[in-house]
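just to be clear, the model below is a prediction. Sequence and coordinates:
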Amino acid sequence: MPLESPSLLNPLWFLFFLLTTNATALTTTKTHVFKEAPKFYNSPTCPSLHNDSTVCSDVAVHVAMTLDAAYLRGSMAAILSVLQHSSCPENAIFHFVAAASSSNSILLTQTLTTSFPYLKFRVYPFGDSAVAGLISTSIRSALDCPLNYARNYLATLLPPCVRRVVYLDSDLVLVDDIAKLAATPLGPHAVLAAPEYCNANFTTYFTPTFWANPTLSLTFEGREACYFNTGVMVIDLDRWRAGGYTNKIVEWMELQKRMRIYELGSLPPFLLVFAGNIASVDHRWNQHGLGGDNFRGLCRDLHPGPVSLLHWSGKGKPWVRLDTNRPCPLDALWAPIGGNGIIGMEYFYMGLMGLVN
């Protein structure tokens, strides 16, 4: 149920058009139908939210995601995976950030309401003007979308009473209880937690201009800076607000407009501000890179080790590769979606659990 009050729609199936060509005109190229998800119930040991309309509960697991038409198929799978694997699904509250200028924002909300009639959620409009003058072209045009930068502003978009949130990209699925991830200890000082990958070549995330500058090259001095993926993060919003971290990120984006110090969209400013100062999360919570690299989107296998979350970061998205008849082996999990536009999620999860167990 929305925590704001758009009208509820009750039919079992809801037909909608996914792709937009601009903010004022819709062009239909493919039709997708989403089946209504079942209601998921808390286990007997779950704490009660007391008031199911509140967005401020500290008992709830708060989940933030962006929402747009191009990634809606991924978003629907991600939402369902959170609910299906949660021990307390009724305690999950979703915070969706959508482009304020989108001509189908109401349609997106109606789609959520129809497909997940029991979901507790709120939609927050995000104006492009907040970042339009700060975005520099990157190595892949999809990374230049203003909505990719919405995660920088969660502390101001979400109500001040929301103190901790799990941020998730729209191209992933969970196969474990999100409450475990949400409960990640942040220690006395860390603002966020994420899996770190210290074997990655950290220097490649910044340009030679950055490293050649005698002042900028000292940015990470005294820090054991490692790459982390910003598609899965646990964020302490109280500490973020107190430290003014949105402004710190914006300052690096402003510098990028004056001198090119990185190439990869919204990730490098997070690294500049946080790398070396985050709390650690087990790698099982972000089996990332399943979408291949940012240039060709080549197929990749799972990393060794246990899996709690599968993440199709990179250029290749499973629904796109299936639509073009060029799937990777792991995209077979998405076959019920790509075949005819109907998400048969019960079959999706039967295939998924067969792979990771």
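Structure's in. What do you need? All values derive from a computational prediction rather than experimental measurement.

show me where this structure has its strands.
13-17, 31-35, 61-67, 92-99, 120-126, 164-168, 172-174, 192-194, 196-197, 227-228, 232-236, 279-280, 309-311 (DSSP state E).

got JSON lines for these, with mean pLDDT, distance to Tyr205 and mean neighbour count too?
To be clear about C-beta, it is placed using only N, CA and C from the backbone, and glycine gets the same treatment. JSON lines is the format used below for the strands of the chain (pLDDT from 0 to 100; distance: least, CB to CB, whole Å; neighbours: other CB atoms under 10 Å):
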{"stretch": "strand 13-17", "mean pLDDT": "30", "distance to Tyr205": "37", "mean neighbour count": "15"}
{"stretch": "strand 31-35", "mean pLDDT": "73", "distance to Tyr205": "35", "mean neighbour count": "17"}
{"stretch": "strand 61-67", "mean pLDDT": "97", "distance to Tyr205": "22", "mean neighbour count": "24"}
{"stretch": "strand 92-99", "mean pLDDT": "96", "distance to Tyr205": "25", "mean neighbour count": "23"}
{"stretch": "strand 120-126", "mean pLDDT": "94", "distance to Tyr205": "25", "mean neighbour count": "20"}
{"stretch": "strand 164-168", "mean pLDDT": "98", "distance to Tyr205": "19", "mean neighbour count": "23"}
{"stretch": "strand 172-174", "mean pLDDT": "90", "distance to Tyr205": "21", "mean neighbour count": "25"}
{"stretch": "strand 192-194", "mean pLDDT": "98", "distance to Tyr205": "15", "mean neighbour count": "24"}
{"stretch": "strand 196-197", "mean pLDDT": "96", "distance to Tyr205": "11", "mean neighbour count": "18"}
{"stretch": "strand 227-228", "mean pLDDT": "96", "distance to Tyr205": "7", "mean neighbour count": "22"}
{"stretch": "strand 232-236", "mean pLDDT": "98", "distance to Tyr205": "17", "mean neighbour count": "24"}
{"stretch": "strand 279-280", "mean pLDDT": "96", "distance to Tyr205": "19", "mean neighbour count": "16"}
{"stretch": "strand 309-311", "mean pLDDT": "92", "distance to Tyr205": "18", "mean neighbour count": "23"}
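
want to throw those into TSV with distance to Arg151?
Converted to TSV, these look like this (distance: least, CB to CB, whole Å):
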stretch	distance to Arg151
strand 13-17	25
strand 31-35	25
strand 61-67	8
strand 92-99	8
strand 120-126	10
strand 164-168	6
strand 172-174	14
strand 192-194	10
strand 196-197	18
strand 227-228	13
strand 232-236	8
strand 279-280	17
strand 309-311	15
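
could I get the contacting residues of Arg241?
Contacts for Arg241 were tallied using CB atoms under 8 Å, 6 or more residues apart in numbering; they are 155-156, 160.

ok, 6 Å please
Taking CB atoms under 6 Å, 6 or more residues apart in numbering, we find Arg241 in contact with Ala155.

for Arg163, see how far away it is.
To Arg163, Arg241 is 9 Å away according to CB to CB, to the nearest Å.

what's the local residue count around the nearest residue to Leu255 once chain neighbours are set aside?
Nearest-residue entry for Leu255: Ile261, 6.5 Å, with adjacent residues in sequence omitted and distances by CB to CB, 6 or more residues apart in numbering. When counting by other CB atoms under 10 Å, one arrives at 22 neighbours for Ile261.

OK, contacts around Ile261?
With contact taken as CB under 6 Å, 6+ apart, Ile261 is in contact with 206-207, 210.

make TSV from these and add distance to Met233 to it.
Formatted as TSV, the entries for the contacts of Ile261 read as follows, by distance: CB to CB, whole Å:
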residue	distance to Met233
Phe206	20
Thr207	25
Phe210	23
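
state the distance from Ala193 to Val165.
Distance, Ala193 to Val165, by CB to CB: 12 Å.

sorry, wrong one. I was asking about Val33.
Looking at Val33 against Val165, where the rule is CB to CB, the gap reads 31 Å.

can you check Asp58 too?
Here Asp58 is placed at a distance of 12 Å from Val165 (CB to CB).

again, but for Arg151
Here the distance between Arg151 and Val165 works out to 10 Å (CB to CB).

pretty sure Ala64 contacts Tyr167?
Yes - applying CB atoms under 6 Å, one finds Ala64 in contact with Tyr167, separated by 4.8 Å.

does Tyr149 touch Val131 like I think?
Yes - in this structure, Tyr149 is within contact of Val131 by CB under 6 Å, at 4.5 Å.

higher neighbour count, these two?
Shown here are Tyr149 and Val131; by other CB under 10 Å, Tyr149 has more neighbours (24 against 20).

what about the closest residue in space to Thr219 that isn't next to it in sequence, neighbour count?
Distances taken as CB to CB, 6+ apart place Leu272 nearest to Thr219, at 6.2 Å, with adjacent residues excluded. Under the neighbour criterion other CB under 10 Å, Leu272 is assigned a count of 24.

all set, thanks.
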